[in-house]
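**Student:** Sharing a model that was predicted from the sequence below.
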Amino acid sequence: MGRYLNHSRHMDYTKDMAEHICLTEKMKPTDKQKKFLYVLRKKCEENGINTETDRELKTRNNYKYEIDELIKRLQEKGLWEV
């Protein structure tokens, strides 16, 4: 009889793929962030505040910074209380 086949390489590949999928899902912005940013932008547009920034909105982190920046702009105009 010959050697037994080693299927651990397939299990390792599956584990790596699962971790990669998990990490990419964690990077995606949440629905709550998307809705809150939409509300902030609407409030800024109603009051004539610029909503443009130089960030691409692809990750949670970028959404976080965008939300913080819009809140600061609203606070400067006195439209947002801490």
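**Tutor:** Structure's in. What do you need? Residues are numbered from 1 along each chain as shown.
**Student:** show me what contacts Thr59?
**Tutor:** 27-29 (C-beta atoms under 8 Å, 6 or more residues apart in numbering). Where C-beta positions appear, they are placed from N, C-alpha and C, glycine not excepted.
**Student:** And it, how far from Ile71?
**Tutor:** Distance of Thr59 to Ile71, given as C-beta to C-beta, to the nearest Å: 19 Å.
**Student:** quick one: Glu76 and Gln33, what's the gap?
**Tutor:** 22 Å.
**Student:** Neighbour count for those two, which is higher?
**Tutor:** Gln33 (17 against 10; other C-beta atoms under 10 Å).
**Student:** Residues contacting stretch 66-81, please?
**Tutor:** By C-beta under 8 Å, 6+ apart, stretch 66-81 touches 33, 36-37, 40-41, 43-44, 47, 49-51, 53, 55, 57, 82.
**Student:** how about those, which pair is most distant?
**Tutor:** Leu57 and Val82 (24.4 Å; C-beta to C-beta).
**Student:** Which one of the two is surrounded by more residues?
**Tutor:** The neighbour comparison of Leu57 against Val82 (other C-beta under 10 Å) goes to Leu57, with 14 against 4.
**Student:** sec struct for that one, please.
**Tutor:** coil (DSSP: H, G, I helix; E, B strand; the rest coil).
**Student:** For Met17, see how far away Asn62 is.
**Tutor:** Asn62 is 25 Å from Met17, by C-beta to C-beta.
**Student:** The two: which is more packed in?
**Tutor:** Per other C-beta under 10 Å, whichever of Asn62 and Met17 has more neighbours is Asn62, with 16 against 10.
**Student:** how near is the most centrally placed residue in the chain to Val39?
**Tutor:** By C-alpha atoms, centre = their mean, the mean C-alpha position of the chain lies nearest to Arg60, the distance being 1.8 Å. To Val39, Arg60 is 17 Å away according to C-beta to C-beta.
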